[in-house]
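Colleague: Fold the following for me, if possible:
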Amino acid sequence: FLAHLANFDIMRGKNIRRDLEILIGCLEFDADRRGRIISLKEFEQYAERNISSYINISSAILNVGGALKPGLISISRAGFIMDCLFDLREDMALGYINIPAEEIEKYEIDISVLDSGEMQTWMRDKMESLRGEIFDTSPFKKLSPLARIIAATMAWRRRRKFKEIERNDYHVF
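Modeller: As a prediction, the model looks like this:
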């Protein structure tokens, strides 16, 4: 897949090489962080690097203009966080602790007890911080039909996850 993207970049001159390198750096960070609790700054940098790179690469492939990217990055960030919340139990079992150290301390979370009241409170607060962005489809209005369909589908998946967590009373899946 990466070889095809690199070839696409060379053939079309889309300038996505740096974004591909950043994504590889994210994979390396994932390997290094396994089994350890990361800081809020590390988590935010990890999220930002993933999101910006994916948006830049997708935008290059779908010919989306730069002026539309900030709205797409915003909703993509909410989607990224939503995925982290939805996959929390599975990720924790694999050694990926997607709760920053500062939030573990603030909420007094025992990461070995995922069904605790403290975890529910943290989950509820995270979800509420995403509510406005996860249901905002205005960034899609000026996209081409194909880009709009892809973006709307991705957003729909995240909204479905949001509602499922909400129905489950903010328990970790």
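Colleague: Would you confirm that Arg148 contacts Phe140?
Modeller: Yes - with contacts defined as Cβ atoms under 8 Å, Arg148 counts as touching Phe140 at a distance of 4.9 Å. The C-beta positions use only the backbone N, C-alpha and C, and glycine is treated the same way.
Colleague: After whichever strand or helix holds Ile81, heading C-terminal, what element do we hit next?
Modeller: Element membership for Ile81 (DSSP states H and E) is helix 69-86. Moving toward the C-terminus from helix 69-86, the next helix or strand (DSSP H and E) is helix 88-93.
Colleague: Alpha carbons only: can I get that following helix in CSV?
Modeller: What follows is helix 88-93, C-alpha atoms only, in CSV (Å, rounded to 0.1, in the frame of the first residue of the first chain):
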residue,chain,number,x,y,z
LEU,A,88,-10.2,1.3,24.6
ARG,A,89,-10.7,-2.2,26.1
GLU,A,90,-9.2,-3.9,23.1
ASP,A,91,-6.3,-1.5,22.9
MET,A,92,-5.6,-1.8,26.6
ALA,A,93,-5.4,-5.6,26.2
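Colleague: so how far is it from its chain's centroid?
Modeller: From the chain centre to the centre of helix 88-93 is a distance of 15 Å (Cα atoms, centre = their mean, to the nearest Å).
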